[in-house]
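Peer 1: requesting a structural model of the entry that follows:
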Amino acid sequence: MAIKLLITARDVAAALHLIQIATAARADKRFQVQIAAQQPAARHFLDAGFEVQLIEPLSTRSAQTAEAVELRSVARRLLSAAAPDAVLAGLSTPFDAGLDEAVLLESHVPTVLFQDFWGEQNLLLGKGADLVLAVDDEAVLLNRKRYGIDSCKVGSARHAAYRALDIAGIRQHARAELGIAANECLIGFFGQALHQLPGYARTVQHFVNALASLPTVVRLLVRPHPRENAEQRKATEALFIKSGLDLAPPLEGPVENALIACDVACSLFSSCTYDAAYLNRFSAAPVAVPLSMLFDQEIVTYCEQHVNFETFPYHRSGAVLAVHDPQQLAAVLAQSMQSSTHQLVWRNAHAHLADPAAAPQLALDKIADFLDRPRN
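Peer 2: Residues are numbered from 1 along each chain as shown. Sure, this is the predicted structure:
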């Protein structure tokens, strides 16, 4: 009899990984998959052709709120109706809890977390998963250090899809849509839903100042995070408009298209930089230089509370550049625009990023093996 696997997600990054696993499960007779998701994750499952039970956009910043009580009730109803043999939840942002965390709390069947960010779990409601699937050996070590748990390395499932991308074709089309000439430099800012931290605005202002000081005129593409609301997006955009920088029009479609269009892709510690590194890994020629901006002390402290960014393997390998001093940002941006830097990060991505082709199937194998273990 097939394993009834309930997949849940709230965040986009989680959804993109889980879509690859759900796609592999379609061809695996061991599994029967059901999907329940909140927005913004839900639309990505729908776009991928999956049937999805839409869950209301409810979240809580504490386990002791009316919203938390309602989330738990929603989770119990979902679990009762789905009657799964196991749950596979996505990782969602750590500063509030949603569907994933409520389902992990209320489930009476084995639970699995696909952890797409090193050493991070959302334990706001008080219960993690029984099994954690991690992207690499570094994540496994960090999970043991931070939580005292053993996790299983499966690889970065989302990036298994990158092998099939026509990266050169996407770049040509996206830059033409934006009106970016071949000899123009397009720098992307990839936002995060961190507006509750004053350090986020400070980082953006340092970024604006650094761009304005560059001797070469650049175009700027701003890509908001899916969880940024309209007010937050306008606040960030206002900083760029006030600076007089040359803003490119918005580019709709997958975030990968925006990353591929850019010559430099900047964020604080978003998974977008990891995506950009993997795009280099699968590209026949260099695309964007990914750049993390980790110099504001509040942002650094926040990051360290959730994951020790110094252990990010993509920084240490040179597949993603990192700036820890705001006074160095303009120089690193200028360096990132050079052909030699593009070649360097491209070579580093090829040398250090593992091929994730097997990750979706390996995740299913680990889940099946876990369910076969004797239970207390």
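
Peer 1: show me where pLDDT drops low in the chain?
Peer 2: Residues of the chain meeting the criterion pLDDT under 70: 306-311, 375-376.

Peer 1: hey, where'd the strands end up in it?
Peer 2: 3-9, 31-37, 53-54, 86-90, 111-114, 131-134, 152-153, 186-190, 219-223, 246-247, 264-267, 289-293, 321-323 (DSSP state E).

Peer 1: the helices in the stretch 1-150 of the chain, which residues?
Peer 2: 12-26, 41-47, 66-82, 99-106, 137-147 (DSSP state H, counting those that start in this stretch).

Peer 1: picking that back up, any chance of the strands of the chain in CSV, plus mean neighbour count and distance to Ala358?
Peer 2: Placement of C-beta: from N, CA and C, glycine included. Below are the strands of the chain laid out as CSV (neighbours: other Cβ atoms under 10 Å; distance: least, Cβ to Cβ, whole Å):
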stretch, mean neighbour count, distance to Ala358
strand 3-9, 26, 19
strand 31-37, 23, 17
strand 53-54, 14, 29
strand 86-90, 27, 17
strand 111-114, 25, 15
strand 131-134, 24, 13
strand 152-153, 18, 11
strand 186-190, 25, 28
strand 219-223, 21, 30
strand 246-247, 14, 41
strand 264-267, 28, 26
strand 289-293, 27, 24
strand 321-323, 22, 28
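
Peer 1: adding distance to Ser336 as columns, could you present these in TSV?
Peer 2: As requested, these are exported to TSV (distance: least, Cβ to Cβ, whole Å):
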stretch	distance to Ser336
strand 3-9	33
strand 31-37	36
strand 53-54	40
strand 86-90	31
strand 111-114	31
strand 131-134	29
strand 152-153	30
strand 186-190	8
strand 219-223	14
strand 246-247	18
strand 264-267	5
strand 289-293	4
strand 321-323	6
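
Peer 1: so which of the ones you listed gets nearest Tyr314?
Peer 2: strand 289-293 (7.6 Å; Cβ to Cβ).

Peer 1: returning to that earlier point: in TSV: the helices of the stretch 1-150 of the chain, plus distance to Arg373 and mean neighbour count.
Peer 2: Shown next, in TSV, are the helices of the stretch 1-150 of the chain (distance: least, Cβ to Cβ, whole Å; neighbours: other Cβ atoms under 10 Å):
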stretch	distance to Arg373	mean neighbour count
helix 12-26	20	24
helix 41-47	29	20
helix 66-82	21	17
helix 99-106	19	26
helix 137-147	18	17
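
Peer 1: indicate which one of these is closest to Ala319.
Peer 2: Judged by Cβ to Cβ, the one of the helices of the stretch 1-150 of the chain that comes nearest to Ala319 is helix 137-147, at 12.8 Å.

Peer 1: so what does that closest one touch, helix or strand wise?
Peer 2: In terms of contacts (3 or more Cβ pairs under 8 Å, 6 or more residues apart in numbering; DSSP states H and E), helix 137-147 is packed against strand 131-134, strand 152-153.

Peer 1: so which of the ones you listed is nearest Ala265?
Peer 2: strand 131-134 (24.1 Å).

Peer 1: can you list the strands that the closest one pairs with?
Peer 2: If you go by DSSP bridges, strand 131-134 pairs up with strand 111-114 (parallel), strand 152-153 (parallel).

Peer 1: do you know which of the strands of the chain lies nearest Val255?
Peer 2: Using Cβ to Cβ, the nearest of the strands of the chain to Val255 is strand 219-223, at 6.6 Å.

Peer 1: using CSV, list the CA coordinates for the closest one.
Peer 2: Extracted C-alpha coordinates of strand 219-223, given in CSV (Å, rounded to 0.1, in the frame of the first residue of the first chain):
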residue,chain,number,x,y,z
ARG,A,219,21.2,50.0,-13.8
LEU,A,220,19.4,48.7,-10.7
LEU,A,221,16.8,45.9,-10.6
VAL,A,222,14.8,45.7,-7.4
ARG,A,223,13.2,42.3,-6.7
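
Peer 1: can you give the strand pairings for it, parallel or anti for each?
Peer 2: Neighbouring strands of strand 219-223 in its sheet, by DSSP bridges, are strand 186-190 (parallel), strand 246-247 (parallel).

Peer 1: and the strands paired with strand 131-134 as a markdown table, adding distance to Asp136?
Peer 2: Formatted as a markdown table, those follow (distance: least, Cβ to Cβ, whole Å):
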| stretch | distance to Asp136 |
| --- | --- |
| strand 111-114 | 13 |
| strand 152-153 | 6 |
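
Peer 1: how about these, which one is nearest Ala174?
Peer 2: Nearest to Ala174 among those is strand 111-114 (28.6 Å), distances taken as Cβ to Cβ.

Peer 1: what's that closest one in contact with?
Peer 2: When contacts are defined by Cβ atoms under 8 Å, 6 or more residues apart in numbering, strand 111-114 is touched by residues 14, 17-18, 21, 86-91, 100, 103-104, 121, 128-133, 157, 363, 367, 370.
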